[in-house]
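Trainee: what's the 3D shape of this:
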Amino acid sequence: MEELSRRSMLLAGGALGALGALGAAAPAQARPPWTWAASGSVAGQGAGLDPEWVWDDTADPVLAAVIDRGDVPKVNEALRQWTRNDQPLPAGLPADLREFMEDARRLPSWADPAKLRAAAAFTTKKGIYTGALYGLGSGLMSTAIPREARAVYYSKGGADMKDRIAKTAQLGYDVGDLNAYQPQGTMIVTAVKTRLVHAAVRHLLPQSPGWSRTSNGQAVPISQADLMVTWHSLPTFVMRKLKDWRVPITTTESDGFLHVWQVTAHMMGILDEYIPSSWDQANAQSQQVLDPILAATPEGVELTDVLLDIVAELDAGLTRPLINAFSRYTVGDRAGDLIGLDKEPFWQPLISAAWPLLVAFREGLIPLPLVPAAAWTVEEAIRRFVLLFLAEGRGIHLEIPDANRPS
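Mentor: As a prediction, the model looks like this:
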């Protein structure tokens, strides 16, 4: 079970983590009226508009113009050269896109360097858990979010899920990197490119007959509400599970983890008035926008099957029954039923009994000298291997799509 916790779960986490962050998340059925108050946001105030009807007014027209002009190939070629936060934007970008990106790459005025450093320290200690939860938790939960599953399925990336996961795993890797928002880091680049992809999908996906048939009347995908649904399936879900697993976390670590995701939300185009200012506010918003809308879809079930096959491919020692059981332990029976996870009467009780013991054993070792650094080195090597495997030896490049999934 120790091998399962360290090696296999991190492999799974690298493979699936952040799927939702590059997809489009949104409830497919009616949801409760929007009542969450902007006073609980990092902005402390706002217009109070329902985020279901708010998109990205600055990015969307720019990307629509890039696509309609036929500029996507040359833009993608130029963006391959932009890989570090401190790099100037590459030559060859259209003027309107360059102007947007220069503004989009700026950190919010409220970004706190001390909290971002605390987030990095948190990752060195708890990366094994966040890796597992991003993968066999958040990644699988995204397939139970109807519009997210359908948007992933019908967009261009849905035709090649291994490539899609390689690109989305990059975001999960970058947000947890020790230098995420430092000049030598890459998270600003990843977040801005992700925002460009979202804007492109908003322009393209309404042209897909498959998505239009299943969108339940949503004219434009990836609203602010959709983005917040995905956001809650990542940090809010992860923090809930860490508490359920009784993982010791200091206030400084908890605040840092929240802050790196608050900054990430802003950098990906979520308005400050929708970004929760505290874990209490995050949980309250999640209970309104995420928890009630989980549901089964044929697309979600199919994506789940594809994703878990990729996890099994990462490590021949992981059988589908074992993967199913740990996934159910992570996402719970409700979500497990919705995405078609088989019940495993042998593995489920074993994992439920063994995982808390494994957590307690690992946490008992963490205070020892050099253990956090050694654990980070091993886990970092595994994460890099996962990205290399998923990219099949090629570099991973987040690229603007110019079409939907071929019919």
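
Trainee: check contacts around Pro235.
Mentor: Contacts for Pro235 were tallied using Cβ atoms under 8 Å, 6 or more residues apart in numbering; they are 257-258, 261, 282. For glycine as for every other residue, the C-beta is placed from the backbone atoms N, C-alpha and C.

Trainee: and those residues as TSV, adding secondary structure and distance to Ala91?
Mentor: Converted to TSV, the contacts of Pro235 look like this (DSSP: H, G, I helix; E, B strand; the rest coil; distance: Cβ to Cβ, whole Å):
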residue	secondary structure	distance to Ala91
Phe257	helix	37
Leu258	helix	38
Trp261	helix	33
Ala282	helix	40
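
Trainee: most neighbours out of those, which is it?
Mentor: Within the contacts of Pro235, Phe257 tops the neighbour count with 25 neighbours, counted by other Cβ atoms under 10 Å.

Trainee: wait, it sits on Ala120?
Mentor: No - contact between Phe257 and Ala120 fails when scored by Cβ atoms under 8 Å: they sit 10.0 Å apart.

Trainee: check which helix or strand covers Trp36.
Mentor: Counting by DSSP states H and E, there is no helix or strand that carries Trp36.

Trainee: any idea how far the helix or strand Met239 falls within is from the chain center?
Mentor: Using DSSP H and E, Met239 maps to helix 237-244. Helix 237-244 sits 16 Å away from the centroid of its parent chain (Cα atoms, centre = their mean, to the nearest Å).

Trainee: next: stretch 281-296.
Mentor: That offset, for stretch 281-296, works out to 16 Å (Cα atoms, centre = their mean).

Trainee: buried ones in it?
Mentor: 281-282, 285-286, 288-290, 293-294, 296 (16 or more other Cβ atoms under 10 Å).

Trainee: export that stretch to PDB, keeping only CA atoms.
Mentor: C-alpha atoms of stretch 281-296 as PDB (Å, rounded to 0.1, in the frame of the first residue of the first chain):
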ATOM      1  CA  GLN A 281     -16.800  31.400   1.500                       C
ATOM      2  CA  ALA A 282     -15.400  28.800  -0.900                       C
ATOM      3  CA  ASN A 283     -17.400  26.000   0.700                       C
ATOM      4  CA  ALA A 284     -20.600  28.100   0.700                       C
ATOM      5  CA  GLN A 285     -20.200  28.900  -3.000                       C
ATOM      6  CA  SER A 286     -19.400  25.400  -3.900                       C
ATOM      7  CA  GLN A 287     -22.500  24.100  -2.100                       C
ATOM      8  CA  GLN A 288     -24.500  26.300  -4.400                       C
ATOM      9  CA  VAL A 289     -22.800  26.000  -7.800                       C
ATOM     10  CA  LEU A 290     -21.100  22.600  -7.800                       C
ATOM     11  CA  ASP A 291     -22.700  20.100  -5.400                       C
ATOM     12  CA  PRO A 292     -26.200  20.200  -6.700                       C
ATOM     13  CA  ILE A 293     -25.400  19.800 -10.400                       C
ATOM     14  CA  LEU A 294     -23.400  16.600 -10.600                       C
ATOM     15  CA  ALA A 295     -25.200  14.200 -13.000                       C
ATOM     16  CA  ALA A 296     -24.600  11.400 -15.400                       C
END
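
Trainee: I'd like the average pLDDT over stretch 336-346.
Mentor: Mean per-residue pLDDT for stretch 336-346: 91.
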